[in-house]
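Participant: how would this look folded up:
(one chain, ligands or ions: 2)
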Amino acid sequence: MIAEVAFNIPLERSFHYLIPSALEGMLAPGVRVLAPFGPRERMGFVLKVLSHSPIKELKAIRRAVDPRPVITGERWQLASWLSDTSYCSLGEALAAMVPSQLRLAATAAATPSRGEGDGGRIELSTAQRRAVDVIASAVNARRAQTILLHGVTGSGKTELYLQAMALVLAQGRGAICLVPEISLTPQTIDRFRERFGDQVALWHSRLTARQRSDAWQRLEQGEARIVIGARSAVFVPVARLGLIILDEEHEPTYKQEDTPRYHAREVAHARAKLGGAVVLLGSATPSVESYYAATKGADRLVTLPERVEGRELPKVEIIDMREQLARRHRMSPLSDRLQRSIQEAVERDEQVMLLLNRRGFSRIVQCPACGTVVRCSRCSVPLIFHAARGELVCHYCNFHQPPAELCAQCQKGYLRFRGTGTERVESELHRLFPAESIARMDADTTKRRESHRRLYDAFKARQVIMLVGTQMIAKGLDFPQVTLVGVVSADTALNLPDFRAGERTFDLLTQVAGRAGRGERPGRVLIQTYCPTHYAIEAARHHDYQRFYAEEIRMRRRLRLPPFVRLIELTLHGSSRQRVMEAASALAAALKRTAARPATRGTSSPARMVPARAAARRRVTLLGPAPHRIPRLRRSYRMCVILKGRTLGAMIAVLRRTLQPGRRFRGMPVTVDVDPL
Ligand code: ADP
Ligand code: ZN
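Facilitator: Numbers count the residues shown, from 1 in each chain. Ligands and ions are numbered 1, 2, ... in the order given. Below you'll find the predicted structure:
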């Protein structure tokens, strides 16, 4: 017998292998195997078992990895959907859906889960009850449908997720609840566990291989019915899936940044369609794409306009840093007003959170004599000084070196650390409030397994009074004693070369503002900015999503940007700057030629007979070539070309006719990012 096997490689083809007699009868589609591939052995997925092959002198499969298939049912169709829409091979798609460390036990003892959720004893608000009705009718219809739950922070969205799950469980079906990795906090997990006990399985990057395999099997067997997890949990084989929830659906972490570059929201839609499940998207700041789909009537929109129990949204004040700059010569990252407000909060025995979405101490290290900025030797970015580590670090490739005192360029100037990161804010707080207990929560202080929990517990127990952090502190935390939230700079996202800069800024400000005043005492938010009149900041100040959306959608329409078009970003990589630039120009020219010449395969009608509207829908245009936002990364030069069009199919077709097999162009690797963020 012959096995047809797909590997995790960029080639859109499969390979035939002999099945040795020892493995006869043990291999089925969806089983992973180890097989010789080139000079080494690779893990691949069996697609089919055949009785003969046209190819002579086949190599043999070495061994089977799984005792039974890891891909079954509609997850096969999901894999081919993923391969089609993200321009990756079937093998790459399959590999993305199954963690490589997954090991299944030969026989899984299926103990079906006992009982269902208790439904909760909370008295729902009127708005919550209305939302539950909409969700219930969708769940009962057992048809694929998307509901967008737009609820301000603290409006009881999580409570609705719990109720929606209880409904699905009562039907004997299961649910996936996706949360951004950073908000997979002990607090969130506890809430789900409290309601559903051991019917809940967790899925995130910090699980050991053993825990992961265990969770997979319990879900597959229906022993656990709910999985709470980060992005890749959308692929887990939950038995009789009825509901997929995306909490904070606007979060960019739902996008996978390696091939296949999928968005968990899109996968959720596709999977729900295949299995007749409901997708519930929740956010205080829905993505422009999701909100647009809801206003167009494609999806249902439900709103929770108020916080539960009549709690007020915090008062947001803007601090115009231009005034501060004009008044002061040497500036603290914390304005006078913010310093005073922190002082007052501390005197009232309340807690304070300070957000700055930048790690490290300084942003650039510069020589005052010659102006040289210390840069990464491999990437085109400045090195960031990390005071706690005593090192200069590249945030892109992790290159690090001790800081020199003198400028290496001119040997004259003593290097200065300019700009502000979370470490500098922390040290400034220590200087201003030496008697207070201050902690920092960012990727640097939460590397170890339990460190996040420890910081969290210390803040909860009020052993820590002031917490400084990156966006990690903006999400999901619920501390009733926090009355003051300070945003050290609202401009970090605003100045990125990204058409979503306004959206990111609005999201972050709204989320972090939602951390204030969740208890009895009212909350206050102070936002420092150099752009106080920007619409994203104005809208965040008034907690006004509609105002933000109205402005944003107008800009997107005018500039022909998503959601009015789809984008595909192509990035060429290479060690020679010259060659990458030439290849990028040639690629752009080739794409332009292909896009202008309609495909003539199959029975499709000649170009002149296609109605004008349909032709416009299929039109593909081009941006670039242009240097990537980071033109050099890990010694590799990068140039981009962006395809723009209304139908993804037409754009993918242009790519298929232009790129070489293995996602290359003129032999150079090309990264394909559909719907780039
Ligand atoms: P969100 O997810 O929108 O931020 P949560 O679901 O976390 O909101 O609700 C905020 C707080 O209010 C939580 O402590 C939650 O237990 C509580 N809560 C939710 N719904 C109600 C309700 N109907 N009555 C009383 N408390 C509620
Ligand atoms: Zn680097």
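
Participant: Gly172 touches Ala239, doesn't it?
Facilitator: No - using C-beta atoms under 8 Å, Gly172 is not in contact with Ala239; the gap is 9.3 Å. For every residue, glycine as well, the C-beta is placed using N, CA and C.

Participant: Can you pick out the residue with more neighbours from the two?
Facilitator: Ala239 (19 against 14; other C-beta atoms under 10 Å).

Participant: so which strand or helix has that one?
Facilitator: Take DSSP states H and E as the rule and Ala239 turns out to sit in neither a helix nor a strand.

Participant: Skip the chain neighbours and tell me the closest residue to it.
Facilitator: Gly222 (3.8 Å; C-beta to C-beta, 6 or more residues apart in numbering).

Participant: Tell me the secondary structure of that neighbour, please.
Facilitator: coil (DSSP: H, G, I helix; E, B strand; the rest coil).

Participant: Tell me who's in contact with Arg453.
Facilitator: Residues in contact with Arg453 (C-beta atoms under 8 Å, 6 or more residues apart in numbering) are Pro186.

Participant: Next to ligand 2, which bits of the stretch 251-400 of the chain? Give me the list.
Facilitator: Applying C-beta under 5 Å from the ion, we find that the stretch 251-400 of the chain lies next to ligand 2 at Cys376, Arg378, Cys379, Cys394, Tyr396, Cys397, Phe399.

Participant: Restricted to helices, list the residues you listed.
Facilitator: The helices, defined by DSSP state H, take in nothing from these.

Participant: What separation is there between the closest residue to ligand 2 within the stretch 401-550 of the chain and ligand 1?
Facilitator: Using C-beta to the ion, the point where the stretch 401-550 of the chain gets nearest to ligand 2 is Gln401, with a distance of 10.8 Å. Distance, Gln401 to ligand 1, using C-beta to the nearest ligand atom, to the nearest Å: 43 Å.

Participant: The nearest residue to that residue once chain neighbours are set aside bridge partners, please.
Facilitator: The shortest distance from Gln401 to any non-neighbouring residue, by C-beta to C-beta, 6+ apart, is to Leu392 (5.5 Å). In this structure, Leu392 bridges to Phe385, Gln401 when assessed by DSSP bridges.

Participant: My guess is Leu392 contacts Leu415. True?
Facilitator: No - between Leu392 and Leu415 there is no contact under C-beta under 8 Å: 9.5 Å.

Participant: so what's in contact with these two at the same time?
Facilitator: Residues touching both Leu392 and Leu415 (C-beta under 8 Å, 6+ apart): Val365, Val374, Pro403.

Participant: returning to what we had before: wait, isn't the residue of the stretch 401-550 of the chain closest to ligand 2 in contact with Glu391?
Facilitator: Yes - here Gln401 reaches Glu391: they are 6.7 Å apart, a contact under C-beta under 8 Å.

Participant: Now do the same contact list for Val139.
Facilitator: Counting by C-beta under 8 Å, 6+ apart, Val139 touches Ala164, Leu167, Val168, Gln171, Gly242, Leu243, Val278.

Participant: Please parse this protein into its domains.
Facilitator: When the chain is parsed into structural domains using automatic domain parsing, the resulting residue ranges are 2-73, 126-309, 311-363+419-558, 566-674.

Participant: just to revisit the earlier point, look at Gln401 and Glu391 and report which has more neighbours.
Facilitator: Glu391 (16 against 13).

Participant: quick one: buried residues of the longest helix along the chain?
Facilitator: Using DSSP H, we find that the single longest helix of the chain is helix 577-596. Buried residues in helix 577-596, counted by 16 or more other C-beta atoms under 10 Å: Val580, Met581, Glu582, Ala583, Ala584, Leu587, Ala588, Ala590, Leu591, Lys592, Thr594, Ala595.

Participant: Make a markdown table out of those and add pLDDT and distance to Ala490.
Facilitator: Output for the buried residues of helix 577-596, formatted as a markdown table (pLDDT from 0 to 100; distance: C-beta to C-beta, whole Å):
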| residue | pLDDT | distance to Ala490 |
| --- | --- | --- |
| Val580 | 97 | 36 |
| Met581 | 97 | 36 |
| Glu582 | 97 | 41 |
| Ala583 | 97 | 39 |
| Ala584 | 97 | 35 |
| Leu587 | 97 | 38 |
| Ala588 | 97 | 36 |
| Ala590 | 96 | 42 |
| Leu591 | 96 | 38 |
| Lys592 | 95 | 40 |
| Thr594 | 93 | 43 |
| Ala595 | 92 | 40 |
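
Participant: Pick the one among those residues closest to Ile568.
Facilitator: Nearest to Ile568 among the buried residues of helix 577-596, counting by C-beta to C-beta, is Leu591 at 10.0 Å.

Participant: In this structure the closest one contacts Arg656, no?
Facilitator: No - counting by C-beta under 8 Å, Leu591 does not reach Arg656; the two are 11.5 Å apart.

Participant: Pull the helix or strand just after the longest helix of the chain out as PDB, backbone CA atoms only.
Facilitator: Where DSSP H and E defines the elements, the next helix or strand beyond helix 577-596 is helix 612-618. Coordinates of each C-alpha in helix 612-618 appear next as PDB, following Å, rounded to 0.1, in the frame of the first residue of the first chain:
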ATOM      1  CA  ALA A 612     -18.600  46.300 -16.200                       C
ATOM      2  CA  ARG A 613     -19.700  45.900 -12.600                       C
ATOM      3  CA  ALA A 614     -18.300  42.400 -12.400                       C
ATOM      4  CA  ALA A 615     -15.100  43.500 -14.000                       C
ATOM      5  CA  ALA A 616     -14.700  46.200 -11.400                       C
ATOM      6  CA  ARG A 617     -15.200  43.700  -8.700                       C
ATOM      7  CA  ARG A 618     -12.500  41.500 -10.100                       C
END
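
Participant: Surely Arg454 is within a helix?
Facilitator: Yes - according to three-state DSSP, Arg454 belongs to a helix.

Participant: Run a quick neighbour tally on it.
Facilitator: Using other C-beta under 10 Å, Arg454 has 13 neighbouring residues.

Participant: what's the answer for Ala136, then?
Facilitator: For Ala136, the neighbour count with other C-beta under 10 Å is 14.

Participant: cool, and the one 4 residues further on?
Facilitator: Residues lying near Asn140 (other C-beta under 10 Å) number 11.

Participant: For the remainder of this discussion, apply numbering that starts at 35.
Facilitator: Happy to do that; since the first residue is 35 now, the last one works out to Asn174.

Participant: quick one, phi psi at it?
Facilitator: Torsion angles at Asn174 (phi, psi; degrees, to the nearest 10) stand at phi -70, psi -30.

Participant: Now do it, the pLDDT please.
Facilitator: On pLDDT, Asn174 comes in at 95.

Participant: what sits against it?
Facilitator: Counting by C-beta under 8 Å, 6+ apart, Asn174 has contacts Leu201.

Participant: Just read off the phi/psi values of the spatially closest residue to Arg651 that is not a sequence neighbour.
Facilitator: Among residues not flanking Arg651 along the chain, Arg680 sits closest, at 5.0 Å (C-beta to C-beta, 6+ apart). With angles defined as degrees, to the nearest 10, Arg680 sits at phi -90, psi -30.
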